[in-house]
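A.B. asks: heads up, no residue letters with this:
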């Protein structure tokens with residue numbers, strides 16, 4: 001009986017994944033671009049595509065980072081450091097970005113991994129993960145707004161229309 005239940009659950013998951021893939025078909029070009037970022041798989045790309053693919057609603061990347069809740073903060077005045085917690089934002093996107101940052105920290109030979117370990121040594125694990133999540137969001141903004149491709153070194157290169165399809 002337990003095996004039958006497991007098979008039924010796996011079948012239901014398969015059906016749901018197929019429906020998700022059908023809903024994401026209009027965003028195939030954007031999903032292909034986002035899949036190039038280390039730590040970003042189709043799940044995070046689907047979350048970004050579901051929430052916001054059109055980057056023209058944001059004037060700059062700072063507004064997107066603030067909306068997502070991964071903007072860096074520095075609340076210091078007169079030599080006193082106050083709380084610099086991550087602000088509230090889109091909970092689903094922020095969670096997915098931090099998860100992608102953790103995955104990017106484990107991807108060997110990438111800029112994001114090196115940056116994560118440099119930050120972790122100075123600031124700690126969670127702050128480093130939040131900083132890498134911000135970097136992934138910045139890369140996402142530039143890739144989707146300018147239709148450029150991500151390279152391993154963190155430099156963006158323009159893509160032709162044949163590259164995206």
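C.D. replies: Cool, the structure landed. If you're wondering where the values come from, they're calculated on a predicted model, not measured in any experiment.

A.B. asks: what about this structure, any weak spots by pLDDT?
C.D. replies: 51-53, 74, 83-85, 151-165 (pLDDT under 70).

A.B. asks: run the last query once more with 90
C.D. replies: Scanning the chain for pLDDT under 90 picks out the ranges 17, 20-99, 103-115, 123-127, 130, 136-165.

A.B. asks: give me the number of residues near residue 88?
C.D. replies: Look at residue 88: counted by other Cβ atoms under 10 Å, it has 8 neighbours. Placement of C-beta: from N, CA and C, glycine included.

A.B. asks: Which residue is the nearest non-sequential neighbour of it?
C.D. replies: Using Cβ to Cβ, 6 or more residues apart in numbering and skipping the chain neighbours, the partner closest in space to residue 88 is residue 69 (5.8 Å).

A.B. asks: for the spatially most central residue of the chain, helix, strand, or coil?
C.D. replies: Centroid-nearest residue in the chain: residue 97, 4.1 Å away (criterion: Cα atoms, centre = their mean). At residue 97 the chain is in helix, as set by DSSP: H, G, I helix; E, B strand; the rest coil.

A.B. asks: distance of the residue nearest to residue 88 from residue 62?
C.D. replies: In this view, residue 69 and residue 62 are 13 Å apart by Cβ to Cβ, to the nearest Å.

A.B. asks: check contacts around the residue nearest to the centre of the chain.
C.D. replies: Taking Cβ atoms under 8 Å, 6 or more residues apart in numbering as the criterion, residue 97 is in contact with 44, 68, 70, 133-134, 136-137.

A.B. asks: Can you lay out those residues as TSV showing neighbour count and secondary structure?
C.D. replies: Shown next, in TSV, are the contacts of residue 97 (neighbours: other Cβ atoms under 10 Å; DSSP: H, G, I helix; E, B strand; the rest coil):
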residue	neighbour count	secondary structure
44	22	helix
68	27	helix
70	26	coil
133	27	helix
134	20	helix
136	27	helix
137	24	helix
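
A.B. asks: want to throw those residues into JSON lines with distance to residue 7?
C.D. replies: As requested, those are exported to JSON lines (distance: Cβ to Cβ, whole Å):
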{"residue": "44", "distance to residue 7": "28"}
{"residue": "68", "distance to residue 7": "38"}
{"residue": "70", "distance to residue 7": "40"}
{"residue": "133", "distance to residue 7": "37"}
{"residue": "134", "distance to residue 7": "42"}
{"residue": "136", "distance to residue 7": "36"}
{"residue": "137", "distance to residue 7": "39"}
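
A.B. asks: Cheers, nothing more for now.
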